[in-house]
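Got a predicted structure here, sequence first:
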Amino acid sequence: MHIAEGFLPPFWCLFWYAVSTPFILWGAYNIRKLSVQHPEQKLILAVSGAFMFALSAIKLPSAAGSSSHPTGTALSAILFGPATTSLISTIVLLFQALLLAHGGLTTLGANVFSMGIAGPVAGILIFKVARKLTRRLGPVVFITALTTDLVTYVITGLQLALVYPSAGGVFGSFLIFLTVFAVAQIPLAVIEGILFTIFFDYLKKTRPKLLSQFLGVQN
Amino acid sequence: MKDSAKYALGFITIGLIIVVAVAMNPNSGFPGSDKLIEDIIKLMDPSFDGGSEPIWTPSQSLEAGMFAIAALIGGIIIGYFIGRRGSDQRPSNPQGD
């Protein structure tokens, strides 16, 4: 999700911007609507953004010998959906691109897609499936957070493989990048799973009304 | 098991995952996976000139500081939320709070 400045050629920069922009605009519209119709949700929205802001800034070592960033998108994805999450990601990634030389401005569209859209969409799909399988919130949130984290980096690998095919073509590159990204990310995805499971349990115990507002009837 | 015990166990597990990562790689500088990918790309395409450069690159310590500030800001917001008595524990304010 932190494709560095200059690593995507102009075509792909524009492509990913084109894909991401509708989501970001929709997210802006959602947030506007929220602040008018549900102002009491502004705080939990800020908290969702805070998780993304804080977690994606933290660099964690991985058993693979490298390090990487978690994404922090699970809370926002589950509560607010991919559009709002994409808007918050844009702010987070913009901050990181401008002040931390992490990610990039040309690659912002691509990075928003992987972190703010693809990861959350995959997570939400898994969330819905998992909810049908069990009413227990813990395992559901765990697998959702794990998925948002991993899929973000799988998509990043794909975005890069499309630009830098190897002798094995795009798929060959994709496999190479996956071995670096996905393997490094697995322990981090587990960490995100644990962290969000704790936080959702805390939410359920201390603010049950808030949670049921978003998730419907609780067990 | 009490909730706080469960949460503590969760955080300890997270800590263990990190400790195991460090223990398994005693001599590693833990390069970022994104940097590793960049190196691979440069190997694959030696003619790659790196395209555009970021507008501004902070020094190592400044970068670490900025990351810390980001984590701090996020942490403060989350901490504020946790510390605040939720609206579930207060009669709701009709103007929204």
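All right, it came through fine.

Now name the helix or strand holding A:Gly138.
helix A:137-163 (DSSP states H and E).

touching chain B at all, that helix?
Yes - using C-beta under 8 Å from any C-beta of the partner chain, helix A:137-163 reaches chain B at A:Tyr153, A:Leu160. Where C-beta positions appear, they are placed from N, C-alpha and C, glycine not excepted.

Tell me the helices and strands packed up against whatever helix or strand comes next after that helix.
As assigned by DSSP H and E, the chain's next helix or strand after helix A:137-163 is helix A:169-206. Judged by 3 or more C-beta pairs under 8 Å, 6 or more residues apart in numbering or on different chains; DSSP states H and E, helix A:169-206 is in contact with helix A:42-55, strand A:60-61, strand A:67-68, helix A:74-99, helix A:137-163, helix A:208-215, helix B:3-24, helix B:33-44.

Could you check the angle the next helix or strand after the last one makes with helix A:74-99?
Beyond helix B:33-44 in the direction of the C-terminus, DSSP H and E gives the next helix or strand as helix B:60-83. Calculated by axes from the mean of the first three to the mean of the last three C-alpha atoms, to 10 degrees, helix B:60-83 forms an angle of 150 degrees with helix A:74-99.

what's around the residue lying closest to A:Val151 once chain neighbours are set aside, how many residues?
Residue nearest to A:Val151 in three dimensions, not counting chain neighbours: A:Ala122, with 3.9 Å by C-beta to C-beta, 6 or more residues apart in numbering or on different chains. Residues contacting A:Ala122 under the criterion other C-beta atoms under 10 Å in any protein chain shown number 21.

which ones are touching A:Ala122?
Counting by C-beta atoms under 8 Å, 6 or more residues apart in numbering or on different chains, A:Ala122 touches A:Thr147, A:Thr148, A:Val151.

Which of the residues you listed has the largest number of neighbours?
A:Thr148 (34 neighbours).

And the pLDDT for that residue?
A:Thr148 carries a pLDDT value of 97.

And B:Pro54, by the same measure?
69.

try the one 5 residues further on
Looking at B:Ser59, its pLDDT reads 77.

before we move on, what about A:Phe214?
87.

Isn't it up against A:Ile78?
Yes - using C-beta atoms under 8 Å, A:Phe214 is in contact with A:Ile78, at 7.4 Å.

ok, those two, which is more surrounded?
A:Ile78 (24 against 12).

Secondary structure element holding the residue nearest to A:Val151?
Applying DSSP H and E, one finds A:Ala122 within helix A:119-133.

and A:Ala145, how far is that from A:Leu34?
22 Å (C-beta to C-beta, to the nearest Å).

out of these two, which sits in the busier spot?
Between A:Ala145 and A:Leu34, counting by other C-beta under 10 Å, A:Ala145 is the more crowded of the two (33 against 16).

so what's the more buried one up against?
A:Ala145 touches A:Ala74, A:Gly123, A:Ala189, A:Glu192, A:Gly193, A:Leu195, A:Phe196, A:Thr197, counting by C-beta under 8 Å, 6+ apart.

same question, A:Thr107
So A:Thr107 contacts A:Ile3, A:Ala4, A:Glu5, A:Gly6, A:Phe7, A:Leu8, A:Cys13, A:Trp16, A:Ala97 (C-beta under 8 Å, 6+ apart).

give me the subset of those touching chain B.
Okay, of those touching chain B (C-beta under 8 Å from any C-beta), that's A:Ile3, A:Ala4, A:Glu5, A:Gly6, A:Phe7, A:Leu8, A:Ala97.
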